[in-house]
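> any chance you could fold what I've pasted below:
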Amino acid sequence: MRFSGHETFICKQFWLKKGYDFLVAGNKFGNENAVVELGVGKNMVSAIGYWMKAFGLCNDKWELSRLAHYIFGTEGKDFYLEDIGTIWLLHYLLIKENYASIYSLFFNKFRRGRVEFTSERLHKFVESIVKEDNSYNVNTITTDIMVLQRMYQKTDNAENRIELEDMYSGIFNDLQLMSKLQVENYGEKGFVDLFRISNEDKYSLPAEIVLFSILDNYPNMETISFKELEVGDNSPGIVFALNKDALYSKIEQITAKYKNVLFSSNAGVQVIQFKSVFNKWEILDDYYAEN
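Okay, the predicted model is just below:
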């Protein structure tokens, strides 16, 4: 498992494009000229490189991925990240890539059965997992949790001007996924911060992005159960925090647009079936052609 590397910086809205252009020009984040070329401080250089890898836009050798070119290239679909579908896509990739382990642990494991949580409860959960491979460090895990919360927290929950500016510039600001409220700390004096990501319909989440995630996460599978799509690792129900009704609504949108995708229920078993071979990149092409 991998923790830290972000230098306590959340991923800024413009950093991935900046990092892409930097690598396309033949630079490397470890080079001495990186500070000058990127126009940011040394710690931010490291953070940009970290987030490029975390989203799967490049590998450890700084080689750019197909998706990086698809989004940010000269003919890229959304190089300024102006489309909410791209933001949802990057959210899925951050979890699926599992380079930044805290995000996969949080969405795939910790949130199962939990809508609300405290930082302390999340920390104890991560500690119980990572102590098994001797990668636990209290300060590192604390910082990772703080960055995760700042990445997803709604801007109306900001407590000061600096925090507000930080979140507004964050790549996931438009998702507005995580709310925060203060509740009485039972058994102790004072209050504790309670965080929540509700399982509900995400109206800004395009059905094509959901379909891409299914094709990417379950390659070459012709039949997938609804239950797997609801609670499987990296499934749309888990990654996009969709309840049963919300997931069913997205599947309805998919089957309405793609006639060779069928949803059926036999003897109480609900499944989605692919009657032809689908190319996940063509699904993205369909989405961006219409948006």
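> tell me which stretches of the protein form helices.
In the chain, the helices defined using DSSP state H lie at 15-24, 34-38, 42-54, 66-72, 84-97, 101-104, 119-130, 138-152, 161-168, 207-217, 226-231, 236-239, 244-257, 280-289.
> closest one to residue 271 among those?
helix 226-231 (6.5 Å; C-beta to C-beta). For the C-beta atoms, the positions are set from N, CA and C on the backbone; glycine is no exception.
> please save the CA atoms from that closest one in PDB.
Extracted in PDB, the C-alpha atoms of helix 226-231 (Å, rounded to 0.1, in the frame of the first residue of the first chain):
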ATOM      1  CA  PHE A 226     -26.900  -6.100 -10.300                       C
ATOM      2  CA  LYS A 227     -25.600  -7.000  -6.900                       C
ATOM      3  CA  GLU A 228     -22.000  -6.900  -8.100                       C
ATOM      4  CA  LEU A 229     -22.600  -3.500  -9.700                       C
ATOM      5  CA  GLU A 230     -24.000  -2.300  -6.400                       C
ATOM      6  CA  VAL A 231     -21.400  -3.500  -4.000                       C
END
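> mind putting the helices of the chain in JSON lines, distance to residue 180 and mean pLDDT included?
Listed next are the helices of the chain as JSON lines, based on distance: least, C-beta to C-beta, whole Å; pLDDT from 0 to 100:
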{"stretch": "helix 15-24", "distance to residue 180": "24", "mean pLDDT": "97"}
{"stretch": "helix 34-38", "distance to residue 180": "32", "mean pLDDT": "94"}
{"stretch": "helix 42-54", "distance to residue 180": "23", "mean pLDDT": "96"}
{"stretch": "helix 66-72", "distance to residue 180": "30", "mean pLDDT": "98"}
{"stretch": "helix 84-97", "distance to residue 180": "19", "mean pLDDT": "98"}
{"stretch": "helix 101-104", "distance to residue 180": "18", "mean pLDDT": "96"}
{"stretch": "helix 119-130", "distance to residue 180": "10", "mean pLDDT": "93"}
{"stretch": "helix 138-152", "distance to residue 180": "8", "mean pLDDT": "94"}
{"stretch": "helix 161-168", "distance to residue 180": "11", "mean pLDDT": "64"}
{"stretch": "helix 207-217", "distance to residue 180": "26", "mean pLDDT": "98"}
{"stretch": "helix 226-231", "distance to residue 180": "25", "mean pLDDT": "97"}
{"stretch": "helix 236-239", "distance to residue 180": "21", "mean pLDDT": "98"}
{"stretch": "helix 244-257", "distance to residue 180": "22", "mean pLDDT": "97"}
{"stretch": "helix 280-289", "distance to residue 180": "32", "mean pLDDT": "98"}
